[in-house]
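K.L.:
With the sequence up front, the predicted model follows.
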Amino acid sequence: MMAASGKLASFRLPPLPTVGELIKLYNLRAEKQLSQNFLLDLRLTDKIVRQAGSLRDAHVCEVGPGPGGLTRSILNSGVSDVLVVEKDTRFIPGLKLLSEAAPGRLRIVHGDILTYRMDRGFPENVSKPWEEDPPNLHIIGNLPFSVATALIIKWLENMADRTGPFVYGRTRLTLTFQKEVAERLTASTGSKQRSRLSIMAQNLCTVRNCFTIPGRAFVPKPEVDVGVVHFTPLVQAQIQQPFKLVEKVVRNVFQFRRKHCHKGVEKLFPEACRVELTQEMMRKADVDPVLRPTELTIPQFRALADAYAHLCTQEASLLSYEFREELRVKNLARKIKKIADTSPDKPTGVPRQPC
Ligand SMILES: C[S@@+](CC[C@H](N)C(=O)[O-])C[C@H]1O[C@@H](n2cnc3c(N)ncnc32)[C@H](O)[C@@H]1O
């Protein structure tokens, strides 16, 4: 016990300027465009890091370290290696200072997390087979609100395909979101917040809403509170269909979230066969068509996705059909007709007099 805490103590950073002092030193005004809201209270950043579980000897990728408050807590938790990905150049000198205080343990990437190739970021020996325990690799981040939802959707797709951060196995994630998004990610069947994100995330992971950080804890203070969410990928997805197909079914079902679920299912099919194929899909899936989307369980979404996949094997063109695209073309045709109808060159039905 003594030896363990002694070892942990040796990971702790030497005295450094505080995060607040660094912000002043480098004149780091928050950029609204990059959703910059900083956490300066190290007790809070420690609390976020604790949600990841033991980080002893772990490899960590931190998204958007900014002035480095959360990075300090990660470094103090006994990790072997932290890779930070930061888009804003102004933070690089401050991060270099931190890197000098933790020799060999902090790698800095100046780049965009949406395009960064995390599959190349860590040594191969970090990997664990998917069916085994998760690897000792974590993604942690106080995410910029502007990219948080796009990023988690991208990572869920990576999880399904075992690409990106998931080439190493079932990499765990501890991330912040706007409180409402955190609630959607973790919402259970029947709850008001149940949405497309709930199904997409819970299909692939165990998702835990850890705690809420009040907006006033950030500098500058955002308009909203923030939720910390922890994700552990499941060994087997609950819905055994390709990510894009699941996403399409779930998106269509939720497009009329207050109506009966068959209304959304209808929009998976072209007008000419809509009624017939919707009835067939609901019957095959054995799902009550008058349930609301929020009332459907993940096994019911699995039955719907399986039934839709079966219909697509019978008629492959269904897979590429998009209701919104059909609507867009119809609206365009309507507009063109309107222009033609009001055009002075329009034939009136009265034969023109020869000149
Ligand atoms: C909400 S701030 C968090 C800063 C710091 N981690 C903290 O907790 O105080 C988000 C950070 O992500 C960075 N960022 C924004 N978009 C990014 C992107 N696409 N890729 C990498 N970093 C990004 C911002 O520059 C900023 O430093």
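P.N.:
Yep, that arrived. Residues are numbered from 1 along each chain as shown.
K.L.:
Burial check on Ala150, number of neighbours?
P.N.:
10 (other C-beta atoms under 10 Å). Backbone N, C-alpha and C define where each C-beta goes, glycine included.
K.L.:
Hmm, it is touching Leu114, no?
P.N.:
Yes. Using C-beta atoms under 8 Å, Ala150 is in contact with Leu114, at 6.9 Å.
K.L.:
show me where the chain has strands.
P.N.:
Under the criterion DSSP state E, strands of the chain are mapped to 38-39, 59-63, 81-86, 106-110, 137-141, 172-178, 205-213, 218-219, 226-233.
K.L.:
Mean confidence (pLDDT) on the last one, please.
P.N.:
Per-residue pLDDT values across strand 226-233 average out to 98.
K.L.:
Same question for the second one.
P.N.:
Per-residue confidence for strand 59-63 averages out to 98 on the pLDDT scale.
K.L.:
Could I get the buried residue list for that strand?
P.N.:
Buried residues in strand 59-63, counted by 16 or more other C-beta atoms under 10 Å: 59-63.
K.L.:
Give me the sheet partners of it and which way each runs.
P.N.:
Each strand that pairs with strand 59-63, with its direction, by DSSP bridges: strand 81-86 (parallel), strand 137-141 (parallel).
K.L.:
May I have stretch 117-128 exported as PDB, CA atoms only?
P.N.:
The C-alpha coordinates for stretch 117-128 follow below in PDB (Å, rounded to 0.1, in the frame of the first residue of the first chain):
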ATOM      1  CA  ARG A 117      -5.700   9.100 -37.100                       C
ATOM      2  CA  MET A 118      -5.800   7.700 -33.600                       C
ATOM      3  CA  ASP A 119      -5.200   4.200 -34.900                       C
ATOM      4  CA  ARG A 120      -1.600   5.300 -35.400                       C
ATOM      5  CA  GLY A 121      -1.200   7.100 -32.100                       C
ATOM      6  CA  PHE A 122      -0.300   4.300 -29.700                       C
ATOM      7  CA  PRO A 123       2.100   1.300 -29.800                       C
ATOM      8  CA  GLU A 124       0.700  -2.000 -31.000                       C
ATOM      9  CA  ASN A 125       1.400  -3.700 -27.700                       C
ATOM     10  CA  VAL A 126      -1.400  -1.600 -26.100                       C
ATOM     11  CA  SER A 127      -4.000  -3.800 -28.000                       C
ATOM     12  CA  LYS A 128      -6.200  -6.400 -26.400                       C
END
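K.L.:
Which residues does that stretch contact?
P.N.:
Stretch 117-128 has contacts (C-beta atoms under 8 Å, 6 or more residues apart in numbering) with 59, 61, 81, 83, 109, 134-137, 139, 163-165, 167-170.
K.L.:
And Val250, how far from Gln178?
P.N.:
20 Å (C-beta to C-beta, to the nearest Å).
K.L.:
which one of these two has more residues nearby?
P.N.:
Neighbours of Val250 and Gln178, each counted by other C-beta under 10 Å, are more numerous for Val250; the result is 24 against 20.
K.L.:
so the more buried one makes contact with Arg196?
P.N.:
Yes. Contact status for Val250 versus Arg196: in contact at 5.2 Å, counting by C-beta under 8 Å.
K.L.:
So which residue is smack in the middle of this protein?
P.N.:
Ile152 (1.3 Å; C-alpha atoms, centre = their mean).
K.L.:
quick check, stretch 81-101 touching the ligand?
P.N.:
Yes. Remark: stretch 81-101 sits within contact range of the ligand at 85-88, 91, by C-beta under 6 Å from any ligand atom.
K.L.:
and what of stretch 164-182?
P.N.:
No. Stretch 164-182 is not in contact with the ligand by C-beta under 6 Å from any ligand atom; minimum separation 7.6 Å.
K.L.:
avg pLDDT for that stretch?
P.N.:
98.
K.L.:
about what we covered before: for the strands of the chain, could you give me CSV that also reports distance to Glu326?
P.N.:
What follows is those, written out as CSV (distance: least, C-beta to C-beta, whole Å):
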stretch, distance to Glu326
strand 38-39, 46
strand 59-63, 38
strand 81-86, 39
strand 106-110, 43
strand 137-141, 38
strand 172-178, 33
strand 205-213, 33
strand 218-219, 43
strand 226-233, 35
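K.L.:
what about the residue in the stretch 251-355 of the chain that the ligand sits nearest to, how many residues close to it?
P.N.:
Taking C-beta to the nearest ligand atom as the measure, the stretch 251-355 of the chain has Arg251 as its residue closest to the ligand, at 23.9 Å. The tally of other residues near Arg251 (other C-beta under 10 Å) stands at 16.
K.L.:
To what extent is the residue of the stretch 1-150 of the chain found nearest the ligand buried, counted in neighbours?
P.N.:
In the stretch 1-150 of the chain, the residue found nearest to the ligand is Gly64; the distance is 2.1 Å by C-beta to the nearest ligand atom. Around Gly64 there are 23 other residues, counting by other C-beta under 10 Å.
K.L.:
thinking it is in contact with Pro144, fair?
P.N.:
Yes. In this structure Gly64 lies within contact range of Pro144 using C-beta under 8 Å: 5.6 Å.
K.L.:
Show me the chain divided up by domain.
P.N.:
7-233, 243-321 (automatic domain parsing).
K.L.:
I'd like to know which residues of the protein are adjacent to the ligand.
P.N.:
Within the chain, the residues that sit near the ligand (C-beta under 6 Å from any ligand atom) are 34-39, 64-67, 69-70, 85-88, 91, 112-114, 142, 144, 147.
K.L.:
can you do 5 Å?
P.N.:
34, 36-39, 64, 66, 69-70, 87-88, 112-113, 142, 144, 147 (C-beta under 5 Å from any ligand atom).
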